[in-house]
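[1] I need the structure of the sequence given here:
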Amino acid sequence: MNTRFLFPLSLLVAPALVQAAEPFQIAAGERILIMGDSLLEREGSAAALESRLVNHALDVPFTVRNLSFSADLPTGVSRASFDPETAGMERVREQLALVKPTVAVLGFGMAASLEELTHASKDPNLNADPTRYGSVFSAAKFKADLAALMDAITASNEGKPVRFVLLAPLKHEDLRAKRPALPDPAAHNALLVGYTQAIRELAAERGARFVDPAAVLQTGSAEPLTDNGIHPSVSGLERWADGVSAELGWGKKGRELSSAQSQALRQALQRKNELFFHRWRPANFTYILGFRKREQGRNAAEIEQFDGFLVRAEEAITALKAGKPVPEEKVLPADAVDPTPIARPEFQLGDGLEISLWAENPLLSKPVAMNWDARGRLWVASTPIYPQIQPGAYPTDRVFILEDTKHSGHADKVTLFAQDLLIPTGLEPELGQGAEQSAYVGASTELLQLTDTDGDGKADQRRVVLSGFGTEDTHHTIHSLHWGVDGRLYFSQSIYIHSHMETPWGVVRLNSGGVLAYDPRSEKVEVFSKGLVNTWGHHTNAEGQTFLTDGAGSNGLSWAYPGATF
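    Numbering: from 1, shown residues only. Model prediction:
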């Protein structure tokens with residue numbers, strides 16, 4: 001199972017935290033759309049709120065599709081990709097056509113308020129782009145844009161009525177008592193008041209159901225809800241789902257499933273969401289459906305093949321809701337590690353140089369990125385899936401740790417640190433206190449922190465640090481992860497990628513090639529360098545000087561193709 005979708009499966013029934021006025025009922029045959037910014041994108045991975053809805057209405061047939069996108073606004077700006085910002089709504093309409101919703105649960109406002117915060121800060125490192133995105137950001141504009149999105153959603157259902165649930169954004173949580181480098185949330189929370197009121201007003205005007213999670217979740221819990229002040233932790237997402245589902249009346253139900261049945265049902269919901277994610281937001285989009293489809297356009301036929309797997313996923317969900325067994329899914333097997341070493345290559349070496357083989361299969365397979373840790377171990381990201389996943393396959397990519405335990409100059413031990421990843425293209429290890437160790441891994445649309453808490457060499461915790469990295473060109477996604485002398489994690493993306501990230505400091509958008517710097521102490525992301533093509537190499541020396549290699553062209557600079565170093 002994909003670690004993008006790895007969440008606890010035990011918290012499935014929402015306690016009655018509040019007394020909802022009236023349950024929001026789901027009728028047979030409803031097509032439910034979930035759409036919003038980063039919070040609802042991560043809900044798609046977890047199926048936390050969705051599982052509570054399904055457990056509430058076990059005897060009702062309906063479907064749920066999630067079209068959420070990190071740092072998105074109601075205008076769809078995160079989806080515009082190579083096109084002008086105004087094309088975002090065109091993409092939204094195309095994606096809505098896959099759903100034709102009768103019910104829409106919308107959760108916007110966090111990214112919109114952070115966008116306003118970005119422009120108000122005047123911080124150039126947050127990379128505000130008024131030429132592309134404009135400079136007018138306000139609760140009033142947001143309200144008008146959200147109303148226009150509701151109109152587009154209704155139009156996608158051939159003009160037939162659509163029932164709406166409008167979720168207000170969470171408050172920005174103040175975590176400075178434990179993490180003093182995080183920002184003071186006061187200014188952002190002041191903005192959020194206006195955005196919440198705008199959503200409340202629009203719900204009243206349109207006859208929609210309004211839910212304010214910030215009010216629902218005022219339960220006095222001492223445990224923080226979020227990892228960084230704005231995005232729920234794994235347990236926080238469960239609390240959020242509890243609160244929202246209780247407010248919608250989804251905490252009460254009649255027939256109940258066993259714990260094992262509920263767990264299997266939630267896994268099936270996560271699998272269905274994973275398949276739909278690949279259907280509407282495929283990796284390597286530029287080569288399959290975009291302006292370079294002349295090269296790999298034949299693979300576009302595979303995108304519609306996900307529809308058949310979605311049908312089977314829905315059939316499994318229906319069976320599990322009825323408490324019936326599900327036939328075992330025929331899964332494409334993961335690529336096995338080839339036990340046969342390849343023939344040794346010959347090298348022409350200059351005087352005084354020597355080369356030796358340090359590691360080969362079967363210790364590793366299909367490596368795409370590597371980094372050394374402070375113990376002299378080599379961490380390797382392996383991706384047989386590259387450049388995109390096959391329809392019906394599960395993510396099976398891995399991270400290995402290789403060691404030379406005998407100090408012979410050759411690796412003799414391999415540990416499988418993490419598996420079931422989706423196209424990891426960069427990693428950087430981080431040794432913690434005692435036995436704890438972790439690695440930051442760039443995997444498709446996410447930057448993950450995978451942590452081994454008990455010292456057995458295998459990651460047992462997963463945190464989505466950042467999300468919203470583009471899928472236009474797989475080999476341009478985030479890579480070259482390394483720690484700088486300033487304690488920040490640097491990583492690059494190349495020219496075809498368009499990334500959109502929510503941070504506690506504001507929204508950061510980077511279109512095309514560049515270098516990003518993430519500070520784990522403050523959760524701040526800065527655009528360190530931009531306007532590049534393919535930054536295949538980036539590092540800093542002990543004095544903090546930066547060295548970049550642009551490996552695909554001059555990008556209008558004076559030095560010659562095929563690349564430049566500066």
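
[2] So, low pLDDT: which residues of the stretch 51-200 of the chain?
    Low-confidence segments of the stretch 51-200 of the chain, defined by pLDDT under 70, are absent.

[3] Which residues are in contact with residue 76?
    Residue 76 is in contact with 69, 88-92, 149, counting by CB atoms under 8 Å, 6 or more residues apart in numbering. Where C-beta positions appear, they are placed from N, C-alpha and C, glycine not excepted.

[4] just residue 441 next, same as before
    Residue 441 sits next to 381, 399, 418, 421, 424, 426-427, 447-450, 481 when contact means CB under 8 Å, 6+ apart.

[5] where exactly do the strands run in the stretch 201-350 of the chain?
    Ranges of strands in the stretch 201-350 of the chain, per DSSP state E, counting those that start in this stretch, are 209-211.

[6] in it, which spans are helices?
    Secondary structure of the stretch 201-350 of the chain (DSSP state H, counting those that start in this stretch): helices at 213-216, 234-247, 259-280, 285-288, 293-296, 301-321.

[7] do the same with the chain
    With DSSP state H as the criterion, the chain has helices at 38-46, 48-56, 88-96, 110-121, 130-133, 139-156, 186-206, 213-216, 234-247, 259-280, 285-288, 293-296, 301-321.

[8] Which of those helices sits closest to residue 73?
    helix 110-121 (5.3 Å; CB to CB).

[9] quick check: angle from that closest one to helix 38-46?
    140 degrees (axes from the mean of the first three to the mean of the last three CA atoms, to 10 degrees).

[10] Any stretches of this structure with poor pLDDT?
    Those would be 1-21, 218-221, 252-254, 333-334, 433-434, 551-566, if you go by pLDDT under 70 across the chain.

[11] Residue most distant from the centroid, it?
    residue 351 (48.3 Å; CA atoms, centre = their mean).

[12] Okay, it and residue 206: tell me how far apart.
    77 Å (CB to CB, to the nearest Å).

[13] hey, where'd the strands end up in the stretch 451-566 of the chain?
    Under DSSP E, counting those that start in this stretch, the stretch 451-566 of the chain gives strands at 461-467, 479-483, 489-493, 498-503, 506-511, 513-519, 524-532, 535-540, 546-550, 564-565.

[14] can you list the contacts of residue 76 in a markdown table and add distance to residue 178 and neighbour count?
    Shown next, in a markdown table, are these (distance: CB to CB, whole Å; neighbours: other CB atoms under 10 Å):
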| residue | distance to residue 178 | neighbour count |
| --- | --- | --- |
| 69 | 30 | 28 |
| 88 | 37 | 20 |
| 89 | 41 | 19 |
| 90 | 44 | 14 |
| 91 | 39 | 20 |
| 92 | 39 | 23 |
| 149 | 37 | 21 |
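
[15] Which member of those is positioned nearest residue 485?
    residue 69 (34.6 Å).

[16] What residues does the closest residue to that closest one other than its chain neighbours make contact with?
    Among residues not flanking residue 69 along the chain, residue 78 sits closest, at 4.6 Å (CB to CB, 6 or more residues apart in numbering). Counting by CB under 8 Å, 6+ apart, residue 78 touches 69-72, 88, 468, 500, 509.

[17] CA atoms of stretch 178-189 as PDB?
    The C-alpha atoms that make up stretch 178-189 are tabulated as PDB, following Å, rounded to 0.1, in the frame of the first residue of the first chain:
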ATOM      1  CA  LYS A 178       7.500  24.100  22.100                       C
ATOM      2  CA  ARG A 179       8.800  25.400  18.800                       C
ATOM      3  CA  PRO A 180       9.800  29.100  19.300                       C
ATOM      4  CA  ALA A 181      11.000  29.500  15.700                       C
ATOM      5  CA  LEU A 182       7.500  29.200  14.300                       C
ATOM      6  CA  PRO A 183       5.700  32.400  13.500                       C
ATOM      7  CA  ASP A 184       3.300  34.300  15.700                       C
ATOM      8  CA  PRO A 185      -0.100  33.300  14.200                       C
ATOM      9  CA  ALA A 186      -1.900  36.500  15.300                       C
ATOM     10  CA  ALA A 187      -1.800  38.300  12.000                       C
ATOM     11  CA  HIS A 188      -2.900  35.200  10.100                       C
ATOM     12  CA  ASN A 189      -5.700  34.400  12.500                       C
END
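
[18] Tell me what residue 402 is bridged to.
    residue 378, residue 414 (DSSP bridges).

[19] So residue 541 sits against residue 547, correct?
    Yes: between residue 541 and residue 547 there is a contact at 7.3 Å, judged by CB atoms under 8 Å.

[20] residues near residue 120, how many?
    Residues contacting residue 120 under the criterion other CB atoms under 10 Å number 14.

[21] got it, and residue 338?
    12.

[22] now swap in the one 5 residues further on and tell me
    Taking other CB under 10 Å as the criterion, the count of residues near residue 343 is 6.

[23] do the same with residue 286
    Count around residue 286 with other CB under 10 Å applied: 21.

[24] Could you report the distance from residue 410 to residue 402?
    10 Å.

[25] Neighbour count for these two, which is higher?
    Legend: neighbour count by other CB under 10 Å for residue 410 and residue 402, higher for residue 402 (21 against 14).

[26] Residue 417 is in contact with the more buried one, correct?
    No: using CB under 8 Å, residue 402 makes no contact with residue 417, being 10.4 Å away.

[27] shared neighbours of the two, which are they?
    Counting by CB under 8 Å, 6+ apart, the residues touching both residue 402 and residue 417 are residue 379.
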